[in-house]
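>>> Fold the following.
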Amino acid sequence: MYTPPNSMEEVAKLFSGFVIAIDDVWFYVTAGHVPRAVQAGMEAGGQFDVWRLGDQAARGPFSHGIPFDFDFDQWIVLDEQAIGLDYAALPLRNLFREALERGKVVPLTKNAWGDHVTEHDQWVLVGVPAESVAHDGDSILTARVVGVALTTTDPPDGADAKAENQFYARLTDASDKVLKNVEGMSGGPIFATKKDEDDIKYTVIGIQSAWYKSDRIIAACPFSSLALGLEEAVTQARNEHPSTA
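Modelled structure (predicted):
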């Protein structure tokens with residue numbers, strides 16, 4: 001919940017993200033502008049409270065999410081909007097990881113990493129749209145996780161230098177019936193699916209970053225760029241501190 005500066009009215013705020021595992025280290029991943037906006041709100045005098053990690057999609061035992069503390073200094077953030085770099089990752093402390101595991105959350109591991117240039121049948125964006133968030137003014141907060149189909153498209157007008165570090169997709173006609181606006185889904189994963197004999201394989205290929213509303217086009221940052229950087233950082237840290245491996 002967020003109370004803006006010079007206001008007494010609380011506003012429900014949710015943002016999208018997902019969990020990955022590199023070796024035995026878990027990270028919560030979202031778009032870089034998400035934690036940056038939270039920090040900016042705090043610095044302006046706004047108040048955030050009742051933080052939760054929402055694991056309800058995993059249908060675990062925590063009906064109201066997992067208590068969480070937000071500390072901007074713990075985040076790894078790359079937020080260079082002018083050139084389309086928009087990444088954030090939070091190494092999850094054991095307390096939060098164990099709660100997520102108990103809640104049946106399964107992180108995305110390296111075998112599920114993919115690339116947006118790989119052949120695919122369908123792209124799907126998953127997240128929590130702001131239009132679905134509701135608060136009863138007391139204690140009940142509701143929202144829904146949605147998956148919307150995407151089709152590849154060229155960069156929209158105004159993308160400019162961002163197009164060097166992003167890829168783009170348009171909501172399909174079918175998605176229009178499910179979702180009016182993707183606001184709130186920043187940081188959500190984009191999956192590529194491919195039918196393989198009797199199975200459907202999926203990989204995570206991107207992190208939703210921006211929304212060109214008039215064109216119904218989303219911008220995404222390639223997931224592999226972040227994942228490989230985090231993998232290198234984990235390897236380096238373990239080489240420097242082998243006793244913690």
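
>>> what's the pLDDT at the closest residue to Ala192 other than its chain neighbours?
Distances taken as Cβ to Cβ, 6 or more residues apart in numbering place His120 nearest to Ala192, at 4.0 Å, with adjacent residues excluded. Quick note: C-beta positions are derived from backbone N, CA and C, even for glycine. pLDDT recorded at His120 is 93.

>>> Surely His120 and Thr193 touch.
Yes - the pair formed by His120 and Thr193 meets the contact definition of Cβ atoms under 8 Å, at 6.5 Å.

>>> higher neighbour count, these two?
Ranked by neighbour count (other Cβ atoms under 10 Å), His120 and Thr193 place His120 first, with 20 against 16.

>>> and His135, how many neighbours does it have?
15.

>>> Quick check: beta-bridge partners of it?
Counting by DSSP bridges, His135 forms beta bridges with Leu141.

>>> ok, which stretches of the chain are helices?
Ranges of helices within the chain are 33-43, 94-102, 173-178, 223-240, based on DSSP state H.

>>> Of these, give the one that comes closest to Phe68.
Among these, the nearest to Phe68 by Cβ to Cβ is helix 94-102 (6.6 Å).

>>> And the closest one, what does it pack against?
strand 52-53, strand 66-67 (3 or more Cβ pairs under 8 Å, 6 or more residues apart in numbering; DSSP states H and E).

>>> Regarding the protein, what is its longest strand?
Looking across the chain with DSSP state E, the single longest strand is strand 199-212.

>>> what's the distance between that strand and the middle of its chain?
Counting by Cα atoms, centre = their mean, to the nearest Å, strand 199-212 is centred 10 Å from the centre of its parent chain.
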